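[1] What would the 3D arrangement of this be:
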Amino acid sequence: MKANIVIFATSNGTERLSKPLISRFTIFEIPEYTYEQFEAISVRIINKLPQNTIIQIASSVWKAGSRDIRDVLKIAKLCNPADGEEDITRLISIHQKYHKTGLEYN
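    Presented below is the predicted three-dimensional model:
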C-alpha cells in the first residue's frame, strides 16, 4: 500500500531526540511570542471569559516569566465568567505559588 502522507511534529526541544529521528524532519525554529502576540492568542483561543479577564490572566502569566500559552489556559479553565477581578487575581496567585515546573514523566 502506498500513501502520500505529510507529518507535522512539534517539540520544545530536540536535545532528547535521536539523530536518526531528527534527520527525518525539516527543523523550523519559531521565535518566542511578543507580549502583544501572546495576549492576542490568549484572547483568540479563550471564548468563555470576558476579554478584560483574559488580558488580566495573560498579563499576569507573562509578568511571572512564563511564555507558555498553556499556563493562560490552565488559569482560564478555573475561572467563571462571573468572577470578578479579585477572584481572578486570587486564582493567578494560587497558580503562581503552587504550580509545578519541570515535571518528569515516567
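[2] for Asn52, what are its contacts?
    Residues in contact with Asn52 (CB atoms under 8 Å, 6 or more residues apart in numbering): none are found. Bear in mind the C-beta positions are built from the backbone N, C-alpha and C, glycine included.
[3] Give me the contacts around stretch 58-69.
    32-33, 35, 38-39, 41-43, 45, 71-72, 75, 89, 92, 96.
[4] Likewise for stretch 27-44?
    Residues outside stretch 27-44 that contact it (CB under 8 Å, 6+ apart): Thr14, Gln51, Ile54, Ile55, Ile57, Ala58, Ser59, Trp62, Arg67, Ile69, Val72.
[5] cool, stretch 72-80 as well?
    38, 42, 45-46, 48-49, 53-54, 57-58, 60-61, 87-88, 91-92, 95, 99.
[6] circling back: among the contacts of stretch 58-69, which ones are buried?
    When the contacts of stretch 58-69 are checked for burial by 16 or more other CB atoms under 10 Å, the buried set is Tyr33, Phe38, Glu39, Ser42, Asp71, Val72, Ile75, Ile92, Gln96.
[7] Can you give me the distance of the second one to His95?
    Read that as Phe38. Distance, Phe38 to His95, using CB to CB, to the nearest Å: 16 Å.
[8] chain center to the helix or strand bottoming out on mean pLDDT in the chain: distance?
    Here the helix or strand of the chain ranked lowest by mean pLDDT, DSSP states H and E is helix 85-98, holding a mean of 86. With CA atoms, centre = their mean, to the nearest Å as the basis, helix 85-98 stands 17 Å off its chain's centre.
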